[in-house]
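Participant: sequence isn't available, so here's the structure alone:
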């Protein structure tokens, strides 16, 4: 049965179309029509009288105005300024004021890239009433590009979280924020798609948990971190990115679903970090129809296991090569990136049922998911004692890349350079360079040994050296440049 709001929206659209068609016919704008009578003052008065009468379209307009009225005071404009090795970087974005049972007072949810690496007093938060304040504390999560900022004021109006699981494609939404610095802006659209994953979000992006809502509500630079609002006036997404050739809105914007955002933010507030689960498998990024047919699947679905790592939850549950994970804790798995997202958001040590396709038969196994941080800690260390040479000025442990190792890591066999085996959390390249990156050049000079690198660091003019770094990002090989201090 259609709800009152759905009926109202449908009626509004139908009426609006009828008005346009009727007006076009009356005014002689449609082919084959003629003016029935001249447009005079009496006709104008009659039309104004009709327009002042109640209508479904006017009621819908007033309904949207109520949503804007109750939510706009919760939306903030953010300006941040930080110094990097490349100079002064200014960032503008948006945010939304929220409350949580995990922490007293108020906090602001925004995108990590808006405020990351910025001193508290260099972050200006512009409130609805014109006040400008600074956060007292910041928590960030790289894997979702989310941040929470504590604020010390109490006379503010918080928004409310909505349930993003209830969203359907076609639902009407409002995007709020400060596009191009124009604060308190609102745009209108629908949910165009759900579950968007494997998006390229810019050079250096490390967003692991991708499960975006797609909307055609206009999102532009400056909207990052602002809320996506449903017809109940609730936050059902945090606007994060756009797909654009021009750099502006082209009708394709992406928002982090509210259920994911709320989960991450509340973990940050309660534990100062986000704990993620893991299985301990290598998945097939190129799972195709031929492989699916060989494994007796009717279509490409699920996530295919290429390798099971020893001493992991997957090995303890006896997962095997060529298993295809179809269901994980009752959730139907779409692809390998979907599985990564689902697993990482599970509570650590939770026992879940996993349905597999194995040798043409459906098999159900129990898996107790582990703590991803333990896996990452083990991965930081070289696999054998004595492998790798520490380069103290960079905070890296490096090893000459061999062709067979390059191939195993997804690089071309001919790739040369220095393989990163460990990155010190306190080193100058923490966050810039990752495990299994390959350093290929230093100061535009190719490096194939630690000696080459040390010599390049010594001979480079000036106070900095430019490194060319190659990285395998989910099967895609990317090159980027990193500026590091010479001494």
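Facilitator: Arrived safely, thanks for sending. None of these values were measured; they are calculated from a predicted model. Residues are numbered from 1 along each chain as shown.
Participant: going forward, measure contacts between C-alpha atoms and count neighbours the same way
Facilitator: Fine.
Participant: per-residue confidence for residue 55?
Facilitator: Here, the pLDDT recorded for residue 55 equals 83.
Participant: residue 61 versus that one, what's the distance?
Facilitator: Per C-alpha to C-alpha, to the nearest Å, residue 55 is found 10 Å from residue 61.
Participant: where does the prediction get shaky in the chain?
Facilitator: Applying pLDDT under 70 to the chain picks out residues 1-38, 85-86, 198-209, 243-249, 374-387, 425-426, 474, 486-487.
Participant: need the helices for it, in chain order.
Facilitator: Per DSSP state H, the chain carries helices over the ranges 4-26, 41-52, 56-71, 112-115, 258-271, 289-294, 313-316, 336-344, 372-380, 403-408, 450-459.
Participant: flag every buried residue along the fifth one.
Facilitator: Judged by neighbour count using 16 or more other C-alpha atoms under 10 Å, the buried positions of helix 258-271 are 258, 259, 260, 261, 262, 264, 265, 266, 268, 269.
Participant: and the last one, how far from residue 100?
Facilitator: Yep, that's residue 269 we're talking about. 8 Å.
Participant: ranges for the strands of the stretch 351-487 of the chain?
Facilitator: 351-358, 361-368, 370-371, 389-391, 396-400, 418-423, 438-442, 445-446, 464-473, 476-485 (DSSP state E, counting those that start in this stretch).
Participant: tabulate these (a markdown table), appending mean neighbour count and distance to residue 240.
Facilitator: Conversion of those to a markdown table gives the following (neighbours: other C-alpha atoms under 10 Å; distance: least, C-alpha to C-alpha, whole Å):
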| stretch | mean neighbour count | distance to residue 240 |
| --- | --- | --- |
| strand 351-358 | 19 | 31 |
| strand 361-368 | 16 | 32 |
| strand 370-371 | 22 | 27 |
| strand 389-391 | 16 | 37 |
| strand 396-400 | 23 | 32 |
| strand 418-423 | 25 | 28 |
| strand 438-442 | 25 | 29 |
| strand 445-446 | 16 | 37 |
| strand 464-473 | 19 | 20 |
| strand 476-485 | 14 | 22 |
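Participant: enumerate every residue touching residue 48.
Facilitator: Contact criterion C-alpha atoms under 8 Å, 6 or more residues apart in numbering gives no residues in contact with residue 48.
Participant: separation between it and residue 59?
Facilitator: Separation of residue 48 from residue 59 (C-alpha to C-alpha): 17 Å.
Participant: same question, residue 334
Facilitator: Counting by C-alpha to C-alpha - residue 334 and residue 59 are separated by 41 Å.
Participant: can you count the residues close to residue 176?
Facilitator: 32 (other C-alpha atoms under 10 Å).
Participant: rewinding a little: residue 330: which of the strands of the stretch 351-487 of the chain is closest?
Facilitator: Closest to residue 330 of the strands of the stretch 351-487 of the chain, according to C-alpha to C-alpha: strand 351-358, at 7.4 Å.
Participant: determine the set of other helices and strands touching the closest one.
Facilitator: The contact analysis (3 or more C-alpha pairs under 8 Å, 6 or more residues apart in numbering; DSSP states H and E) places strand 351-358 against strand 324-328, strand 361-368.
Participant: let's have the ones you listed in JSON lines, adding distance to residue 340.
Facilitator: As requested, these are exported to JSON lines (distance: least, C-alpha to C-alpha, whole Å):
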{"stretch": "strand 324-328", "distance to residue 340": "11"}
{"stretch": "strand 361-368", "distance to residue 340": "15"}
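Participant: so who does residue 151 touch?
Facilitator: Going by C-alpha under 8 Å, 6+ apart, the list of residues near residue 151 reads 105, 106, 107, 108, 133, 134, 135, 136, 137.
Participant: residue 109 versus that one, what's the distance?
Facilitator: 11 Å.
Participant: pretty sure residue 176 is touching residue 227, no?
Facilitator: Yes. Here residue 176 lies in contact with residue 227, judged by C-alpha atoms under 8 Å, at a distance of 5.7 Å.
Participant: overlap in contacts of the two?
Facilitator: Common neighbours of residue 176 and residue 227 (C-alpha under 8 Å, 6+ apart) are residue 75.
Participant: let me see the backbone angles for residue 417.
Facilitator: When read as degrees, to the nearest 10, the backbone of residue 417 gives phi 140, psi -160.
Participant: chain neighbours aside, what residue packs nearest to residue 165?
Facilitator: Distances taken as C-alpha to C-alpha, 6 or more residues apart in numbering place residue 259 nearest to residue 165, at 7.5 Å, with adjacent residues excluded.
Participant: which ones are touching that neighbour?
Facilitator: 162, 163, 164, 165, 236.
Participant: and the first one, what does it touch?
Facilitator: It stands for residue 162. Residue 162 sits in contact with 230, 234, 235, 236, 258, 259, where contact means C-alpha under 8 Å, 6+ apart.
Participant: and the two most separated of those?
Facilitator: Taking C-alpha to C-alpha, the two most distant members of those are 230 and 259; they sit 13.6 Å apart.
Participant: what do these two both touch?
Facilitator: 162, 236.
Participant: what about the strands in the stretch 101-250 of the chain?
Facilitator: 103-111, 123-126, 132-133, 137-141, 146-151, 172-177, 185-196, 212-215, 227-229, 235-242.
Participant: among the helices of the chain, which is the most enclosed?
Facilitator: helix 112-115 (a mean of 24; mean count of other C-alpha atoms under 10 Å).
Participant: tell me the buried residues in the lengthiest strand in the chain?
Facilitator: The longest strand of the chain (DSSP state E) is strand 87-100. Neighbour-count burial for strand 87-100 flags 91, 92, 93, 94, 95, 96, 97, 98, 99 (criterion: 16+ other C-alpha under 10 Å).
Participant: leaving out sequence neighbours, find the closest residue to the second one.
Facilitator: The shortest distance from residue 92 to any non-neighbouring residue, by C-alpha to C-alpha, 6+ apart, is to residue 79 (4.6 Å).
Participant: show the contacting residues for the one you found.
Facilitator: By C-alpha under 8 Å, 6+ apart, the neighbours of residue 79 are 90, 91, 92, 93, 123, 124, 125.
Participant: and these, which is closest to residue 354?
Facilitator: Using C-alpha to C-alpha, those come closest to residue 354 at residue 93, 40.5 Å.
Participant: please name the nearest non-neighbouring residue to the closest one.
Facilitator: Distance criterion C-alpha to C-alpha, 6+ apart; nearest residue to residue 93, sequence neighbours excluded, is residue 222 at 4.3 Å.
Participant: so the one you found sits right up against residue 94, yeah?
Facilitator: Yes. Contact criterion C-alpha under 8 Å: residue 222 and residue 94 qualify, at 6.4 Å.
Participant: nice, that's everything, thank you.
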